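Chemist: this one's structure only:
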């Protein structure tokens, strides 16, 4: 409980409340960050996220795009931790923070005016975390509220929830415990009428259940929108006027009138390079014809090109014609190949039209799992998927750089799509990394990386539960609300279309969805249509190209991959295996060449270049922790003879006594009459006294063996 001692008044303070999924949601305005255009402190349960929206007073000069930046800041104090970095302070955002920034950006960006060029910054700072109440959802709601009540031009508000699927029932904003067993994790953002963003991971969820979840989320979002509209009515600021981006409409209309036929001819090809060459040649003609009368025409060329191409592409698609001549549900030519690279553990090359992705799988010990230092509950990641998009893939001459938000986002989408089919650590005790190298790009490389990575995993011998394929769906709408969807969009259709609806999954169901829009949202009819046609397309990809290439995972991992053995010991014996100062385990590693990882619960992972080294290391550990069992047979070596009996070694350093009376089924005078040092003999454990001394019987062992052999049993 907070304590308030103040002499200051906050006359602009307002607090709005509602219930969201059974937990309190509060939106507080007027107490913090008064110099921002708008600031909202979102409380959801005990989660607190401060969202500030700020805009520049003037547009940025010389740009033809909207300069929006969204930052989701993970503060480690929010979960009572100190950052693990050397400086002990937050640095570059983690992957989850970057992905959340993208999730906030995608639904709000299309709702800004098309020609708005002022810088807009959204800063969502996570200050306290209740793991039952998603900071991501709190940040989305806070962003919507802040933009809506601010003076920044924006056509919101939006509402946002997550949907889970627990024991077959849909759950709104599932708790931490529910998320652990949920088969669905879908974030849905809506306006008052349409859905503007879907981001989903799922455990092979059927289309109809996914569609039901989206419908339910959209309905739930209306409650938030109603609350935010109330805020706007009571405390909202008037939206400021802004200088509209300049555009020479007269020049554009003249170019369209005079070059329509040539522009159509330039666009009508399935080769991206040919299209660009034709278009650039046409631009030279524009210069010859118009530059003298329009000396500033170059500043409008990109926008003229965009609007001209969009005009052609939109008209064609509404007529059922595509730039490469395909039918609307026809996939570009496909090819698949595995075993592309020598020495690597697994590789797969997937080609769709001019989009080409080479994925490479690497297997390592579990110590190679990625350690996570974030505000989220996850502490490590066993399956990692990375995506690279070099300049040459689109014919650009630019140097390599560290991965940007797009690369991180596409890698995470592929990771999310494949994670549901990755085997458990008990079934496959490896850390797994897949890298997707985009070597050629002409649309939907993220989905190409999913297909290529499935091939690479199977080539590496990873026993995935089912193969996964991904495909994208595009959209064009007419002025009367009619629409056309089309499958497998290439670059020009993505650029000029209104939707990139990416769906990945198995034949059984969906594993991931990501939806990018350039319009004001989707109706339920469009969403249903997109889910249906992407299902048919991914089944076609699986049946016609991927499964004929490799029908199932290889039975064995690559000869170059580490071999792995899992064993379990009593946690009380861990200190014996490690030894003083690590002396015992270091000797095992030195003698066998194996790598050994020991968990606190007594699980031991042994890895080596070959199986024999794993077996040798396992035997060493078995010998250390060996505890004989009463009534069990052992085959041991005689190590000492005494007048009263023989000592038989059951394991290195572990022996027991066979009394002279138990050495044979008849009376003997001397121990030497029955055995000598070095002899191997079967013994049975008859007793272990309070001091741990083991008593054995050779006589009883031979009787039991004879009885088993008489029954046809073989004693090993």
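Modeler: That came through fine. Since we're looking at a predicted model, the values are computed, not measured.

Chemist: all helices for the stretch 1-150 of the chain, in order.
Modeler: Under the criterion DSSP state H, counting those that start in this stretch, the stretch 1-150 of the chain contains helices at 95-108, 135-149.

Chemist: no wait, the stretch 501-650 of the chain
Modeler: Using DSSP H, counting those that start in this stretch, the helices of the stretch 501-650 of the chain run over 524-541, 547-549, 574-578, 583-592, 611-625.

Chemist: now do the stretch 151-300 of the chain
Modeler: Per DSSP H, counting those that start in this stretch, the stretch 151-300 of the chain carries helices over the ranges 176-181, 207-235, 249-267, 272-290.

Chemist: most tightly surrounded among these?
Modeler: Among the helices of the stretch 151-300 of the chain, the stretch with the highest mean neighbour count (mean count of other Cβ atoms under 10 Å) is helix 207-235, at a mean of 18. Using the backbone N, CA and C atoms, a C-beta is placed for each residue, glycine as well.

Chemist: any idea how far residue 611 is from residue 384?
Modeler: As judged by Cβ to Cβ, to the nearest Å, residue 611 and residue 384 stand 26 Å apart.

Chemist: higher neighbour count, those two?
Modeler: Higher neighbour count among residue 611 and residue 384: residue 384, with 17 against 11, using other Cβ atoms under 10 Å.

Chemist: Leaving out the residues flanking it, which one is nearest to that one?
Modeler: Closest residue to residue 384 apart from its sequence neighbours, by Cβ to Cβ, 6 or more residues apart in numbering: residue 433 at 4.5 Å.

Chemist: State the distance from residue 53 to residue 39.
Modeler: Separation of residue 53 from residue 39 (Cβ to Cβ) stands at 7 Å.

Chemist: Output the lowest mean pLDDT helix or strand found in the chain.
Modeler: Within the chain, no helix or strand scores below helix 491-496, which has a mean of 86 by mean pLDDT, DSSP states H and E.

Chemist: In terms of secondary structure, what does that helix contact?
Modeler: On a contact count with 3 or more Cβ pairs under 8 Å, 6 or more residues apart in numbering; DSSP states H and E, helix 491-496 meets helix 272-290, helix 301-319, strand 469-477.

Chemist: Tell me the buried residues in the longest strand seen in the chain?
Modeler: The residue-count maximum for a strand in the chain (DSSP state E) belongs to strand 47-59. Using 16 or more other Cβ atoms under 10 Å as the test for burial, strand 47-59 gives 47, 48, 49, 50, 51, 52, 53, 54, 55, 59.

Chemist: same check, this time on stretch 29-48
Modeler: Buried residues in stretch 29-48 (16+ other Cβ under 10 Å): 29-30, 33, 36-45, 47-48.

Chemist: Same question for stretch 419-433.
Modeler: Of the residues in stretch 419-433, 419, 420, 421, 422, 423, 428, 429, 430, 431, 432, 433 count as buried by neighbour count, 16+ other Cβ under 10 Å.

Chemist: pLDDT on it, on average?
Modeler: In this model, stretch 419-433 carries a mean pLDDT of 94.

Chemist: The nearest residue to residue 341 once chain neighbours are set aside: helix or strand, and which one exactly?
Modeler: For residue 341, ignoring the flanking residues on the chain, the nearest one in space by Cβ to Cβ, 6+ apart is residue 347 at 4.4 Å. Take DSSP states H and E as the rule and residue 347 turns out to sit in strand 346-352.

Chemist: tilt between that strand and strand 469-477?
Modeler: Strand 346-352 runs at 20 degrees relative to strand 469-477, counting by axes from the mean of the first three to the mean of the last three Cα atoms, to 10 degrees.

Chemist: ok, residue 131 - how many residues close by?
Modeler: Counted with other Cβ under 10 Å, residues neighbouring residue 131 total 17.

Chemist: In contact with it, which residues?
Modeler: Taking Cβ atoms under 8 Å, 6 or more residues apart in numbering, we find residue 131 in contact with 176, 377.

Chemist: so residue 337 sits in a helix?
Modeler: No. Residue 337 is assigned strand when assessed by DSSP: H, G, I helix; E, B strand; the rest coil, not a helix.

Chemist: I'd like to know how many residues surround it.
Modeler: Applying other Cβ under 10 Å, we find 16 residues neighbouring residue 337.

Chemist: and if you look at residue 11?
Modeler: By the criterion of other Cβ under 10 Å, residue 11 has 5 neighbours.

Chemist: List the contacts of it.
Modeler: So residue 11 contacts residue 30 (Cβ under 8 Å, 6+ apart).

Chemist: would CSV of the helices of the stretch 501-650 of the chain with mean pLDDT and distance to residue 117 be doable?
Modeler: Formatted as CSV, these follow (pLDDT from 0 to 100; distance: least, Cβ to Cβ, whole Å):
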stretch, mean pLDDT, distance to residue 117
helix 524-541, 96, 30
helix 547-549, 97, 48
helix 574-578, 90, 63
helix 583-592, 92, 62
helix 611-625, 89, 62
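
Chemist: so residue 300 touches residue 250, yeah?
Modeler: No. With contact defined as Cβ atoms under 8 Å, residue 300 does not reach residue 250; the gap is 10.8 Å.

Chemist: now the stretch 51-200 of the chain, which segments are flagged as low pLDDT?
Modeler: For the stretch 51-200 of the chain, no stretch has pLDDT under 70.

Chemist: hmm, back to that, so which of the helices of the stretch 501-650 of the chain is nearest residue 411?
Modeler: helix 524-541 (19.7 Å; Cβ to Cβ).

Chemist: for that closest one, the distance to its chain's centre please.
Modeler: Between the centre of helix 524-541 and the centre of its chain there are 22 Å (Cα atoms, centre = their mean, to the nearest Å).

Chemist: What helices and strands are in contact with it?
Modeler: Counting by 3+ Cβ pairs under 8 Å, 6+ apart, helix 524-541 packs on strand 195-205, helix 207-235, strand 469-477, strand 483-487, strand 499-505.

Chemist: please redo it, this time with the cut-off set to 6 Å
Modeler: helix 207-235, strand 469-477, strand 483-487 (3 or more Cβ pairs under 6 Å, 6 or more residues apart in numbering; DSSP states H and E).

Chemist: Include mean pLDDT and distance to residue 640 when you put the ones you listed into JSON lines, please.
Modeler: Output for the helices and strands packed on helix 524-541, formatted as JSON lines (pLDDT from 0 to 100; distance: least, Cβ to Cβ, whole Å):
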{"stretch": "helix 207-235", "mean pLDDT": "97", "distance to residue 640": "69"}
{"stretch": "strand 469-477", "mean pLDDT": "94", "distance to residue 640": "66"}
{"stretch": "strand 483-487", "mean pLDDT": "91", "distance to residue 640": "78"}
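
Chemist: Tabulate those (TSV), appending distance to residue 679.
Modeler: Shown next, in TSV, are the helices and strands packed on helix 524-541 (distance: least, Cβ to Cβ, whole Å):
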stretch	distance to residue 679
helix 207-235	68
strand 469-477	63
strand 483-487	75
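
Chemist: what's the closest of the ones you listed to residue 22?
Modeler: Closest approach to residue 22 among the helices and strands packed on helix 524-541 (Cβ to Cβ): helix 207-235, 11.9 Å.

Chemist: Check what pLDDT residue 318 gets.
Modeler: 87.

Chemist: Check the gap between it and residue 496 for me.
Modeler: To residue 496, residue 318 is 12 Å away according to Cβ to Cβ.

Chemist: If you count surrounding residues, which of these two has more?
Modeler: residue 496 (23 against 15).
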